[in-house]
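Enquirer: Give me a 3D structure for the following:
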Amino acid sequence: EINMKTTVGLLLLLLTVYYCAAAPQGLIEMSPGQCCFKFFTGRIPPKKIVSVIKTHSACLEKAFVIGTAAGKHICVSQSVTWAQEAFKQQQIGDE
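Expert: Residues are numbered from 1 along each chain as shown. The predicted structure is shown next:
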């Protein structure tokens, strides 16, 4: 027996995933369902970065989701200087 809450929850999750996949590159902040819980502590070379998106303001940890040329999405804390620079560079490039 599947209750209605579970069905609605699954539908919202699927819609969130679909929405994020279909969102334009210019999207600055992700939806609330997309938060980071584990963080990459290394450095990603600027030439491998294709997108930098802030996680939603409702997320417990402030993070950037960095899209790479290899198609990966990596969580990096917003306190990391190189990630802040990559985000700023993207903003300049989008104008």
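Enquirer: only C-alpha atoms for contact and neighbour calcs from this point on.
Expert: Fine.
Enquirer: Excluding covalently adjacent residues, which one is nearest to E61?
Expert: The shortest distance from E61 to any residue other than its chain neighbours is 6.9 Å, reached at C36 (CA to CA, 6 or more residues apart in numbering).
Enquirer: what do you get for T41?
Expert: Spatial nearest neighbour of T41, chain neighbours left out: V76 (7.1 Å); criterion: CA to CA, 6+ apart.
Enquirer: ok so that neighbour is a strand residue?
Expert: Yes - assessed by DSSP: H, G, I helix; E, B strand; the rest coil, V76 belongs to a strand.
Enquirer: ok, it touching G67?
Expert: No - contact criterion CA atoms under 8 Å: V76 and G67 do not qualify, at 10.8 Å.
Enquirer: The two: who's more crowded?
Expert: Neighbours per residue (other CA atoms under 10 Å) separate V76 from G67, with V76 holding more: 26 against 18.
Enquirer: For that one, list each beta-bridge partner.
Expert: According to DSSP bridges, the residues that bridge with V76 are F64.
Enquirer: follow-up on the earlier one: next up, the contacts around the residue nearest to T41.
Expert: Going by CA atoms under 8 Å, 6 or more residues apart in numbering, V76 touches 39-41, 63-66, 83.
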